[in-house]
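> sequence? don't have it. structure:
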């Protein structure tokens, strides 16, 4: 497997049959397009559950990607798909912290129960299937340190962090206990085209972009100085492809962070500048949001660089410019 | 609330209406009896799900304890119960590590989904209800240190550890985010009367006792020198009562450990000695059990001692003698 280590992984996937769960969502759809462009036969499965990131618009203009609308817990749909696939990128799930507080049972069902059903389907019907699972930086919660490594304490601060940690741990455990070929990527804040703009419950960056494009007022909590490491979706997709082609998948866990660290206020200012419209307003931090804010924190990603050579390349200005140019002519389709 | 801090908690619960979930199980039934003896009006709810620790025999001879057979996820049964209760001790759940590997979905459902439903019922219908949840030392997994504190890394090594951690985290989060009155006790190995003997998937101590009483051969994996801190059930019940009477319940988490540390071989020898029958045999550690063995580890319980004055009193010999005398005339009812 000489092509695996430190290759960018794209060519190696040419001709492979690849399943992308959550493939109509933000990162999933960008990944599906990258895989197809690399010559893979791509099937996406997505439940299109209301209020989540799945959106048919994300792949409407894309040829040669098979779309199956189903929940990954639906055995009868999933088993035939995994039987004919060579790789699975498992991105299905809920990512909204606010939604998870409002309906923790739906969050647990989607992120833990459905994920465990998916893993059980794979274990019974295709235990050799390589599975790349996307976890989240949120499982570390409010860290004691400004940088979290893969060994930092697990302290989720909302139901979404609990359910994502359960699936993260199941994926690693199924590798260790059942010899399955899994890896877990814990993503930091990721931005780019195809992210949900319909509501403001899936991260502040897309909401700032939408508000700017609509010439509205971007509301910032507090002084806006809390910082985030912000990854661009193409870099995250690159990380996933590289990990998929590691010579061995054995439950490894990698942070997918970013060296591009910016304050919330900077992000808002850049959105206004690049959109050429909109404005900012600072307001006091609402009580209920304080509880689920993790403060200024960044992900240490030295481990994935060591293992795969991956390095994030796209800075905030470049990424946001591309994102805004993507949405500008398509805004209506994302509202 | 002068009686709360550092009192033993029993008298303070006199006259209170108390719900014990999992109350036909091992620790739940012992707790229910202690609560009734202290003058509380006790209702136990238990799903009596097959293979788990719930056993009608545990409370058959006990008067003045109301028994409701239901799953804690059954809203229509649970809501009227919590509405009339002053305290809830929440012990419902699966505790078998082996069962969780064989059927992780059932484990997740019982320990995370049902627990989250229960918490949601309480949040909607009785947010002021004090809830004491029993978690487990297993969520720390295979520790780097010989002693785990409440801040030790969370590294569950089996599905049961994942699902129990989810419920542990939900209980703490519901206190922080919704102002509910919860506390979480992470129990170490606990032994005593009323523990399941029907199979060997709920801990080695009851299985050793059963085997000795049946004059059988106790099988020990490896050299039997791996150690455990072993708590006696009456001490664990005492810890729960003390925590229930803390002046404030706000999502605290306490290890409930034991200073009585013994090797597996010592426990087996003592079972044979006290039962007056049975014998030992050492065999190599089976591969599949190696993966879920946590090695020699003990729980630091300084935090609960500081907060409540609790100290474990019953050593292994005394506890096991009482346990064997309990089972000797009743063995058939527990097989």
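In hand now; what should we look at? Source: prediction; values computed, not measured.

> Which stretches in the stretch 51-200 of chain A count as helices?
A:75-83, A:97-102, A:104-108, A:114-125, A:159-178 (DSSP state H, counting those that start in this stretch).

> and those helices as JSON lines, adding mean neighbour count?
Any C-beta I mention is one placed from the backbone N, CA and C, and that applies to glycine too. Rendered in JSON lines, the data for the helices of the stretch 51-200 of chain A read as follows (neighbours: other Cβ atoms under 10 Å in any protein chain shown):
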{"stretch": "helix A:75-83", "mean neighbour count": "16"}
{"stretch": "helix A:97-102", "mean neighbour count": "20"}
{"stretch": "helix A:104-108", "mean neighbour count": "22"}
{"stretch": "helix A:114-125", "mean neighbour count": "21"}
{"stretch": "helix A:159-178", "mean neighbour count": "25"}
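
> Excluding its own residues, what touches stretch A:317-325? List them.
Residues outside stretch A:317-325 that contact it (Cβ atoms under 8 Å, 6 or more residues apart in numbering or on different chains) are A:191-193, A:195, A:205, A:209, A:212-213, A:230, A:232-234, A:267, A:270-271, A:274-275.

> Please repeat the previous calculation with a cut-off of 6 Å.
With contact meaning Cβ atoms under 6 Å, 6 or more residues apart in numbering or on different chains, stretch A:317-325 is reached by A:192, A:193, A:232, A:270, A:274, A:275.

> same for the helix or strand containing residue A:19, what does it pack against?
Counting by DSSP states H and E, the element that carries residue A:19 is strand A:17-21. Under the contact definition 3 or more Cβ pairs under 6 Å, 6 or more residues apart in numbering or on different chains; DSSP states H and E, strand A:17-21 sits against helix A:26-37, strand A:41-46, strand A:87-90.

> average model confidence for the last one?
If you average the pLDDT over strand A:87-90, you get 98.

> Okay, strands next: where are they in the stretch 201-335 of chain A?
For the stretch 201-335 of chain A, the strands defined by DSSP state E, counting those that start in this stretch cover A:217-221, A:227-232, A:252-256, A:261-263, A:279-283, A:298-299.

> Turn those into TSV, columns for mean pLDDT and mean neighbour count.
Below are the strands of the stretch 201-335 of chain A laid out as TSV (pLDDT from 0 to 100; neighbours: other Cβ atoms under 10 Å in any protein chain shown):
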stretch	mean pLDDT	mean neighbour count
strand A:217-221	93	18
strand A:227-232	94	24
strand A:252-256	98	23
strand A:261-263	95	18
strand A:279-283	93	12
strand A:298-299	93	24
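
> Relative to residue B:98, which of those strands is closest?
Minimum separation from residue B:98 across the strands of the stretch 201-335 of chain A (Cβ to Cβ) falls at strand A:252-256, 25.4 Å.

> From the chain's centroid, how far away is that closest one?
13 Å (Cα atoms, centre = their mean, to the nearest Å).

> what packs against it?
Packing contacts for strand A:252-256, counted by 3+ Cβ pairs under 6 Å, 6+ apart, involve strand A:182-187.

> wait, does the strand it packs on make contact with chain B?
No. Counting by Cβ under 6 Å from any Cβ of the partner chain, no contacts exist between strand A:182-187 and chain B, the nearest distance being 13.2 Å.
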